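# Build the 3D model from these lines:
(2 chains)
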Amino acid sequence: MIGVVVRLIVLVHVIGFELRMSGRMAAVLPDVTSAVLIVVGLRLTAGRALRWIVPLAVARAFLLPGGFLFQLWLLLVGFLLVRAVRRVINHELWQMQVVLGIAVAAVLSLLFGAALGDGADPLGRGPIAFLVTGAIIPGVLVCHSILTGKTSRQRADLGVEGA
Amino acid sequence: MAGRDARLIRCCVAVTLCLTPVAWLAPEATLPGEAYAELAAAVAWRPTALASEMRAASVPESDAEDAALVAQLERRLDIEVGYGLDAVHWVGADVRRAFGRGAAGRESVLELMLELDTGVIAKLQDAPVAFAGKLLGHVAGPDPEGGPRQAVRVDLLGHRKRLGDQEARRRWIGVARAVSGPDAEHQPVLRLLAEPAAVSASYRLRVPFAVPRQLDTWSDPTRRYVVYTVASDLLGGRIPAGLELGRLVDTVYERFGFVVRRHVEPNWDPRSIARVAIILDPELAAGLGAVQARRRAEPARPFEIVAASPRGFDWRRYLLRAPALLPGEAVRVGKRCLGIVRWRLYGFAVAEPLGLRGRIESLLWLGDGRALPLVVRGKGLVPGGARFEIVHPEHVRDLTDGQVFTGMGDTGYGLRVGRVVKSGPGWIEVATFGPWEDAQ
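Residues are numbered from 1 along each chain as shown, chains lettered A, B, ... in the order given. The predicted structure is shown next:
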């Protein structure tokens, strides 16, 4: 419970900051939601990933257009996309991580826009923002490894990988 | 571990599939307890707001101008509401909301901003309700499961009661006359009975009987038949003659020249009706008029902006400290409407301006010496205002140079939304009183 509250506090501030910056430079700003989904999709088990996805959906429902059900659906689509792709690519390669980042950011933006913006992303993101999102993903994953202190081999030994 | 993970993934896939229709058809849909989750996010985002003191919203400088415009709207709307009711006693009542699903899948019940004792509602039961010379429906009886004091409800023309209920078939006697065409006044009339159509039907009323049954009302496309009520002691005794029921729509075998089915489609949208006239006995009318006069004097509720999403997008959202605002109520400063409250819990409220993409709103347009009820769909915020697509009426002429006010809603009609600055076929652009930080 405390973990959920802490995650909600962290995520609502991160999304709030992203939103504030998007008002000025939406076209070049990376998509934080895509980055979170890729990290939890590649590095966590489904159970642990959901503990991030649900608070993220609450934070997005509070700050962005769309209700909780829509946001949950959108995040689950992104998460399942990451999980499906990680089975067919070598996601430890930074090139693949970049491609995955671009793909997830583009899919989320397209779905968000199609459902709520008559085709245009309500946050005004475009191709440059997708590329920037892809560019930061390898760095985000490295940061995650440093913070958790686990290498990919250790994660595999713990049964997280390839589950 | 791997087995549990695979099961959870399958659950995620199932949940995603189940949520897909909701996500596409109603992305703004909310769960019953969702406001509590959003409240947690609000407190996490702005915890200092919990301890803040709230100051009352100031009255804007142009309040006198607003009051004059609102008074003009009220006078004009009362003239429109009472059109064709000179010979009867009636009392006006504001509409809070339209809900239910009746004939043709349209809203079938209006809830009025008129709370009365159940005994009075019982006396009012079946009283005809009209707007601008059109019959809308009848006052519903008191809810047996409700309290001693209830909001008055109106069963609209398309309202269908439970299957097997003896009152399920409310019927109206009407007479259809040609109202357009070169020789309209010489065309024969059609006498008919109308009743609510099926939920799946394309029109709200069906015609089970008509005399003469095969009267040719369809062969000339320029001729338009409109159905008016006929006073009758047999069905709905208090209905005045001459109220419009709707336009006649025929399903025909044109080649063989006979009518298969006849329908009547009322020329109004339940979501557009902001005020109605209840036709009733004189002594009841006087009492209800006093109730209405008291209600309209309610003051604006204070609020303070805690945080707002950035400008530059076609949507905005505000986090407010507003202990007295209610969900669905208008956020107002003086007689100006800034937006609508989505939810309010423990002094926090989230509100959004009018015109957000996809939101259906009821508005009133005042200009050219008349008040026109509109049902609009938000097309997003634009610099200085908001753009709306007009859902009803379908064919509307130029609406530039008019003022826009709120229509039906929890606050009642008649709060200024803004001024129409541009309009085109089926859309208007309104200069609103935003951003809220400046309007307050």
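# and the closest residue to chain B within chain A, how many neighbours does it have?
Closest approach of chain A to chain B (CB to the nearest CB) occurs at A:Gly23, with a separation of 2.6 Å. Using the backbone N, CA and C atoms, a C-beta is placed for each residue, glycine as well. Residues near A:Gly23, counting by other CB atoms under 10 Å in any protein chain shown, number 15.
# Quickly note the distance from the closest residue to it other than its chain neighbours to B:Glu254.
Leaving aside its chain neighbours, A:Gly23 sits nearest to B:Pro310 (2.6 Å; criterion: CB to CB, 6 or more residues apart in numbering or on different chains). Separation of B:Pro310 from B:Glu254 (CB to CB, to the nearest Å) stands at 59 Å.
# Between these two, point out the one with more neighbours.
The neighbour comparison of B:Pro310 against B:Glu254 (other CB under 10 Å) goes to B:Pro310, with 14 against 9.
# what about the chain, any weak spots by pLDDT?
Chain wasn't specified; assuming chain A. Chain A contains residues with pLDDT under 70 at A:150-163.
# Hmm, no, I was thinking of chain B.
Short version for chain B, where the test is pLDDT under 70: B:1, B:53-62, B:162-168, B:234-237, B:289-298, B:434-435, B:437-440.
# is it true that B:Arg177 touches B:Tyr225?
Yes - if you go by CB atoms under 8 Å, B:Arg177 and B:Tyr225 touch, sitting 6.7 Å apart.
# These two: who's more crowded?
Set B:Arg177 next to B:Tyr225 and count neighbours by other CB under 10 Å: B:Tyr225 wins out with 23 against 18.
# What count of nearby residues applies to the nearest residue to that one once chain neighbours are set aside?
Counting by CB to CB, 6+ apart, B:Tyr225 lies nearest to B:Leu248, which is 4.0 Å off, once chain neighbours are set aside. Residues lying near B:Leu248 (other CB under 10 Å) number 27.
# B:Leu248: which element?
If you go by DSSP states H and E, B:Leu248 is part of strand B:244-253.
# Just the angle for the next helix or strand after that strand relative to strand B:244-253, thanks.
Tracing the chain past strand B:244-253, the next element assigned as helix or strand by DSSP H and E is strand B:258-265. Strand B:258-265 runs at 150 degrees relative to strand B:244-253, counting by axes from the mean of the first three to the mean of the last three CA atoms, to 10 degrees.
# What residues of strand B:258-265 count as buried?
By 16 or more other CB atoms under 10 Å in any protein chain shown, the buried positions in strand B:258-265 come out as B:Val259, B:Arg262, B:His263, B:Val264, B:Glu265.
# Run the chain-centre distance for stretch B:28-42.
Chain-centre distance of stretch B:28-42: 25 Å, with CA atoms, centre = their mean, to the nearest Å.
# most residues in a single helix of chain B, which one?
As assigned by DSSP state H, the longest helix anywhere in chain B is helix B:2-25.
# For the nearest residue to B:Asp250 once chain neighbours are set aside, give me its contacts.
Distances taken as CB to CB, 6+ apart place B:Trp218 nearest to B:Asp250, at 4.4 Å, with adjacent residues excluded. By CB atoms under 8 Å, 6 or more residues apart in numbering or on different chains, the residues touching B:Trp218 are B:Asp250, B:Val252, B:Glu254, B:Val259.
# quick one: B:Trp218 and B:Arg170, what's the gap?
Relative to B:Arg170, B:Trp218 is positioned 27 Å away (CB to CB).
# And for A:Asn90?
The spacing between A:Asn90 and B:Arg170, counted by CB to CB, is 70 Å.
# who has more neighbours, those two?
Legend: neighbour count by other CB under 10 Å for A:Asn90 and B:Arg170, higher for B:Arg170 (18 against 9).
# tell me the contacts of the more buried one?
Residues near B:Arg170 by CB under 8 Å, 6+ apart: B:His138, B:Asp155, B:His159, B:Glu195, B:Pro196, B:Gly236.
# any idea how far it lies from A:Ala103?
For B:Arg170, the distance to A:Ala103 - CB to CB - is 58 Å.
# ditto for B:Gly402
48 Å.
# A:Phe17 too?
Using CB to CB, A:Phe17 is found at 24 Å from A:Ala103.
# The stretch 251-400 of chain B against chain A: which residues are in contact?
By the criterion of CB under 8 Å from any CB of the partner chain, the positions of the stretch 251-400 of chain B lying close to chain A are B:309-315, B:317, B:350, B:356-358, B:379-380.
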